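Enquirer: any chance you could fold what I've pasted below:
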Amino acid sequence: MKIAGWLNTEIFKVIGWSIIHSIWQFLILFALLKVLLLLINRKSSTLRYYTGLIILGAAIICSVFTFLHEYRLFFDNGTQIITTATYPAKSGSVTTANFTPPVNITETAPGQVLLNLLNIASPYLTFGWIMGMLLYLIRIVNGSFYLNHLRKLVSVPHPEVTNKMMELNGKMRTGKSIKLIITHAIHEPLTFGWLKPVVLLPCSYVAQVPIEQLEMILAHELAHIKRYDYAINLIQTGFEAIYFYNPFFRAISNIIRDEREFCCDDMAASYCGDDKAMAIALTNLKVLTSYPHLALAATPVKNAFQQRINRLIYPTSKPKLSVKSSFFSLMVIMLTLVLLTKFVYGDKEASTLPSAADSIKQLLTDNQANFKETLLTYTKADKDHEIFLVSTIYGNPLYAYLDGIPATKKQMRQIARVMQQKRTVTMAEIAAAPKDSIEIRANRHSKIYMETDSLNKIIKQTKSAMAFHPSADLENKLKELNHQVDIRNKEEVSLSMQDYRSEVKNIPTDVKLHVLLTKIIQNKEYTPEERKELNDLARKKADRD
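Expert: Next comes the predicted model:
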């Protein structure tokens, strides 16, 4: 299958719309997190950290429910989308390739135009998401290989630092056997590993700072181990690979990482000194990070360095709101309102569309202007609805009017699915269906034909018998047979006259109906007046039949 074929599959559109919805959903959760963090004391780093994790989990759960919601809209009742078959066009017929459906007046609003563009782009967004996620996963695997290489490094002997770390490990009760590696291969302290944690210190750093500051940094790294931060960070990194495209997910994730570092700073300060001593130790730690995604480093990230120092030295100060970020959030909220309208409208739309479980009544089916027209009625949520469906002469749906309004492409897919399911009728359903007068007469015509044919065969046999053995009994039998044939011939004439009178009587209604259908098809309009007239004529014809 070609890539273009993959992009046309409905599951790509479902994932694409889930990606689009995740932008405004995560924006709301990001704004909620920012508000909650403003209300929580800056020194309550643990509470702020777990608040961030809860919001992150809520974002993931929200995207899962969104995917299920979109999947339900595209694949209602577990059925698959039917593909319109291609048939050879008959001479004089209008082919679907040259057919232009009527303009949907409900899709001309700017918001609807944006939704239509997003619907077209949704499968391509999915394709880009898959490619980006694969690249992100490659990056994670590359980082894993690098960390595995660091684990195998030989440590430079430094008894004082080794003893200090063993002392801190016992003091902090991490419950782990920790491997310490002092090496020239790195330029910053690193911690990684869950079951077998490893702490790496650069030789240059160990040689330049006093043991008191080194103790603070070691305590920070051991705090990560004690709190199982590496395992949580690994899971977090995996979800970042899935939501790499979403700036608000990354923003929430970065807040969690910052709060995680704040928690470890506070824990290290509580075990080894005070906040100011920890701030001095961080200030002297001036290196950049090479692989921050899988390892946990004590080195402050460039943008978070000032924040970490300020909260240690000025714990009572309040964070400032960014005017730039507030303006950007306001612009995104405007887009959110459009997407939220679509998300909510999906439920409203689904509540009015027919399903295979609904009782659908066909009021009219006709063929005019080289198209097949069908008028259907059904009840949904105690409310009557009507579908005027226009199909090809082979029964492939082209467009429809739902309660007088042109149906969208998504509505057409649902209508097509239901019509496909309704075409399958069991023999029991056929037998239980009520028969109209025309069908009763047609059945009687067929029965009379078979009875007359059977009587004529018996008459022929009787005449042959009389030729060899004439008798009064055979002559009386022949008269009775001819009488039965005459009775059926008269009944056949009577039924034919009833058919004729019914057809003559209904000619005005049929002519009006045909003219109206042709007008609707040619003008590609379905006005309220035409809708009322069509319903009246269809019901009149249904009652007549």
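Enquirer: buried residues in the strand or helix carrying residue 240?
Expert: Residue 240 is part of helix 229-242, with elements assigned from DSSP states H and E. Neighbour-count burial for helix 229-242, counted by 16 or more other Cβ atoms under 10 Å, picks out 229-230, 232-233, 236-237, 239-242. Any C-beta I mention is one placed from the backbone N, CA and C, and that applies to glycine too.
Enquirer: and what of stretch 519-534?
Expert: Neighbour-count burial for stretch 519-534 [16+ other Cβ under 10 Å]: 520-521, 526, 530-531, 534.
Enquirer: distance between the host helix or strand of residue 364 and the chain's centre?
Expert: For residue 364, the host element (DSSP H and E) is strand 361-368. Mean-position distance between strand 361-368 and its chain equals 34 Å (Cα atoms, centre = their mean, to the nearest Å).
Enquirer: show me what that strand pairs with in its sheet, parallel or antiparallel.
Expert: Strand pairing for strand 361-368, using DSSP bridges, gives strand 371-380 (antiparallel).
Enquirer: tell me which helix or strand comes right after the strand it pairs with.
Expert: strand 383-391.
Enquirer: give me the contacts around that following strand.
Expert: Applying Cβ atoms under 8 Å, 6 or more residues apart in numbering, the contact partners of strand 383-391 are 352, 354, 371-379, 397-404, 407, 415, 419, 520-521, 526, 531, 534-535.
Enquirer: still on that earlier bit, as JSON lines, the buried residues of stretch 519-534 with distance to residue 168 and secondary structure would be great.
Expert: Shown next, in JSON lines, are these (distance: Cβ to Cβ, whole Å; DSSP: H, G, I helix; E, B strand; the rest coil):
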{"residue": "520", "distance to residue 168": "84", "secondary structure": "helix"}
{"residue": "521", "distance to residue 168": "84", "secondary structure": "helix"}
{"residue": "526", "distance to residue 168": "79", "secondary structure": "coil"}
{"residue": "530", "distance to residue 168": "85", "secondary structure": "helix"}
{"residue": "531", "distance to residue 168": "81", "secondary structure": "helix"}
{"residue": "534", "distance to residue 168": "85", "secondary structure": "helix"}
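Enquirer: looking at the residues you listed, which is nearest residue 498?
Expert: Of all those, residue 498 sits closest to residue 534, with 27.5 Å by Cβ to Cβ.
Enquirer: quick one: that closest one from residue 27, how far?
Expert: Separation of residue 534 from residue 27 (Cβ to Cβ, to the nearest Å): 46 Å.
Enquirer: and residue 34, what's its pLDDT?
Expert: Looking at residue 34, its pLDDT is 90.
Enquirer: so which residues of the stretch 1-150 of the chain form helices?
Expert: Secondary structure of the stretch 1-150 of the chain by DSSP state H, counting those that start in this stretch: the helices cover 3-7, 10-39, 45-74, 110-151.
Enquirer: can I get the buried residues of helix 229-242 in JSON lines including distance to residue 143 and pLDDT?
Expert: Shown next, in JSON lines, are the buried residues of helix 229-242 (distance: Cβ to Cβ, whole Å; pLDDT from 0 to 100):
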{"residue": "229", "distance to residue 143": "16", "pLDDT": "87"}
{"residue": "230", "distance to residue 143": "13", "pLDDT": "88"}
{"residue": "232", "distance to residue 143": "17", "pLDDT": "91"}
{"residue": "233", "distance to residue 143": "12", "pLDDT": "90"}
{"residue": "236", "distance to residue 143": "14", "pLDDT": "93"}
{"residue": "237", "distance to residue 143": "9", "pLDDT": "92"}
{"residue": "239", "distance to residue 143": "16", "pLDDT": "94"}
{"residue": "240", "distance to residue 143": "12", "pLDDT": "92"}
{"residue": "241", "distance to residue 143": "11", "pLDDT": "92"}
{"residue": "242", "distance to residue 143": "17", "pLDDT": "93"}
